[in-house]
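[1] the following comprises the amino acid sequence and a computationally predicted model.
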Amino acid sequence: MMELKDKKVMVVGTGISGIGAAELLYNVGAKVVLYDGDEKLLESDILNKIEGCKAEIIIGALEESVVKSIDLVIISPGVPIDSDIVLRFEKANIPVWGEIELAYNYDKGRIIAITGTNGKTTTTALVGQIVKAYNKETFVVGNIGNSYTGEVLKTSKNSFTVAEISSFQLETTHKFKPSISAILNITPDHLNRHKTMENYAFTKENIAINQTKSEICVLNYDDPILREYAKTTTAKVIYFSRLEVPEIGSFMDGDLIKYFDGDSVETICDVNNMNLIGAHNYENVMAAVAIAKSAQIPTDIIVAEILKFKAVEHRIEYVATKHGVMYYNDSKGTNPEAAVKAIEAMSRPTILIGGGYDKKSEFDIYVKAFEGKVKLLVLIGQTKELIAETARKYGFDNIIMAESLQEVIKICVEHAEVGDAVLLSPACASWGMFDNYEQRGELFKEYVNLI
């Protein structure tokens, strides 16, 4: 552990992540400097966010004398590692951490860390529920609602931390070493930030970079990138697979999820008895089984919690049935691969709502999933023309453009017939029109419930 008491530590970014980091630093005795380059911000606005935490506030330009006075920098996930501010500190040989590295510095217990392009939130929530049923001293952290920095000082040598970790957060880890890591899948996403697929994959793989054979890395055997990665990782590998029976790990046998420990096969559950729908969710459950087994949690606890578990909010979340039409909120489908999984889970003729912020994704696989599922595509946001163009390329031209989410709902009501489904699964981030995917999903639910 690095001792940060009396060290001068700058936190870059004053969002939820930055404020959480500042409060943790203050609580461990560091001298906190909170910095935001947005000159429009008022110091009073930042101070109002800090609860019982003293910090020096700097807004706008950053003097070189300040840079030289700093011992450590903590950046929020939204700050790119190639941004001018980060490069300035690196040039001055000042270490740059992210919030995960900072929290890890103070975690006293066992850590289960989960990443992947899709399925992180559902898998983390399920693993968190299973582990908490086994050990009440369990903290579930990440984009799932609790910040790691906000919970870590409550940990003990007997505690578990179950963490959902993004590629942005993995860019700034150094000594981070979970007891159990998991990479669920790697498909193109955030290439506007990571530039290349190789760089994106490498960043995800950072989750296990410090692990040894004493620690476990759970990997998706069906993902060719991860199957290749398994040959080089220094961790002990446990797999999950929908298509094969792995050397050790969880797998599908018809409708049954089973686990093979290398000697014998154990049946875990029948997917028809679960609340989760769709093949992608079966993968999430298999990943959770492999993680929970790696943590030596008894099978009866694993099974009981899987059967109780309900879909995470904004991830193929059933909203309501209105006039014989079922409405689903998949606002967390922020890339084409995630949205495809939601489309595949639909069993009714579907009106699909797509479009949003342009992350430089391609939408071919999104459109290819329409066949036999999607009857009408309603588009909004920055990417609507690009998605429409891709759809027409594949011969799908039943498309309506809209300017707002309220207009979208009106269009869906006009065109939906009894027995249809309406699915919000945008394949794009929410930025530009909404603060985040949660706000987009909440508004969708609000408008649907007004029908």
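    Received the coordinates, thanks. Numbering: from 1, shown residues only.
[2] quick check: domain ranges of the protein?
    With domains defined by automatic domain parsing, the chain comprises 8-94, 101-308, 317-449.
[3] pLDDT below threshold where in the stretch 51-200 of the chain?
    Residues of the stretch 51-200 of the chain meeting the criterion pLDDT under 70: 143-145, 188-197.
[4] same check on the stretch 201-350 of the chain?
    Ranges of the stretch 201-350 of the chain meeting pLDDT under 70: none found.
[5] so which of the domains of the chain is nearest residue 2?
    Among the domains of the chain, domain 101-308 comes nearest to residue 2, with 5.8 Å by C-beta to C-beta. For every residue, glycine as well, the C-beta is placed using N, CA and C.
[6] check contacts around residue 229.
    183, 201, 205, 219 (C-beta atoms under 8 Å, 6 or more residues apart in numbering).
[7] go again with 7 Å.
    Contacts for residue 229 (C-beta atoms under 7 Å, 6 or more residues apart in numbering) come out as 205, 219.
[8] before we move on, what about residue 382?
    356-358, 432.
[9] same thing but at 8 Å, please
    355-358, 428, 432.
[10] neighbour-wise, give me the winner out of these.
    When neighbours are counted by other C-beta atoms under 10 Å, residue 428 leads the contacts of residue 382 with 31 neighbours.
[11] tell me the spacing between the spatially closest residue to that residue that is not a sequence neighbour and residue 71.
    Leaving out its chain neighbours, the residue that sits closest to residue 428 by C-beta to C-beta, 6 or more residues apart in numbering is residue 356, at 3.1 Å. Computed as C-beta to C-beta, to the nearest Å, the residue 356 to residue 71 distance reads 40 Å.
[12] ok, residue 303 next?
    From residue 303 to residue 71 the distance is 49 Å (C-beta to C-beta).
[13] now, among the contacts of residue 382, which is nearest to residue 169?
    Using C-beta to C-beta, those come closest to residue 169 at residue 357, 19.8 Å.
[14] where along the stretch 351-451 of the chain do the strands fall?
    374-379, 399-401, 421-424 (DSSP state E, counting those that start in this stretch).
[15] tell me the most buried of those?
    Greatest average neighbour count among these goes to strand 421-424 (a mean of 28), per mean count of other C-beta atoms under 10 Å.
[16] so how far is that one from its chain's centroid?
    22 Å (C-alpha atoms, centre = their mean, to the nearest Å).
[17] now for that strand, which elements pack on it?
    strand 325-329, strand 350-354, helix 437-449 (3 or more C-beta pairs under 8 Å, 6 or more residues apart in numbering; DSSP states H and E).
[18] quick check: which of those is buried the most?
    Most buried among the helices and strands packed on strand 421-424, counting by mean count of other C-beta under 10 Å: strand 350-354, with a mean of 27.
[19] how far out from the middle of the chain is that strand?
    The answer for strand 350-354 is 23 Å, by C-alpha atoms, centre = their mean.
[20] could you do stretch 4-23 as well?
    With C-alpha atoms, centre = their mean, you get 22 Å for stretch 4-23.
[21] show me the contact partners of that stretch.
    So stretch 4-23 is contacted by 25, 28-36, 41, 46, 49-53, 55, 66, 69-79, 85-86, 99, 102, 105, 147-150 (C-beta under 8 Å, 6+ apart).
[22] cutoff 7 Å now
    Outside stretch 4-23, the residues that touch it by C-beta under 7 Å, 6+ apart are 25, 28-36, 46, 49-51, 53, 55, 69-79, 85, 99, 102, 147, 149-150.
[23] could you export the contacts of residue 382 as a markdown table, including pLDDT and distance to residue 161?
    Formatted as a markdown table, the contacts of residue 382 follow (pLDDT from 0 to 100; distance: C-beta to C-beta, whole Å):
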| residue | pLDDT | distance to residue 161 |
| --- | --- | --- |
| 355 | 97 | 36 |
| 356 | 96 | 32 |
| 357 | 93 | 31 |
| 358 | 89 | 35 |
| 428 | 96 | 31 |
| 432 | 87 | 33 |
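[24] just name the closest of those to residue 281, please.
    Looking across these and measuring by C-beta to C-beta, the closest to residue 281 is residue 428, at 21.5 Å.
[25] wait, the closest one touches residue 362, no?
    No - contact criterion C-beta atoms under 7 Å: residue 428 and residue 362 do not qualify, at 11.8 Å.
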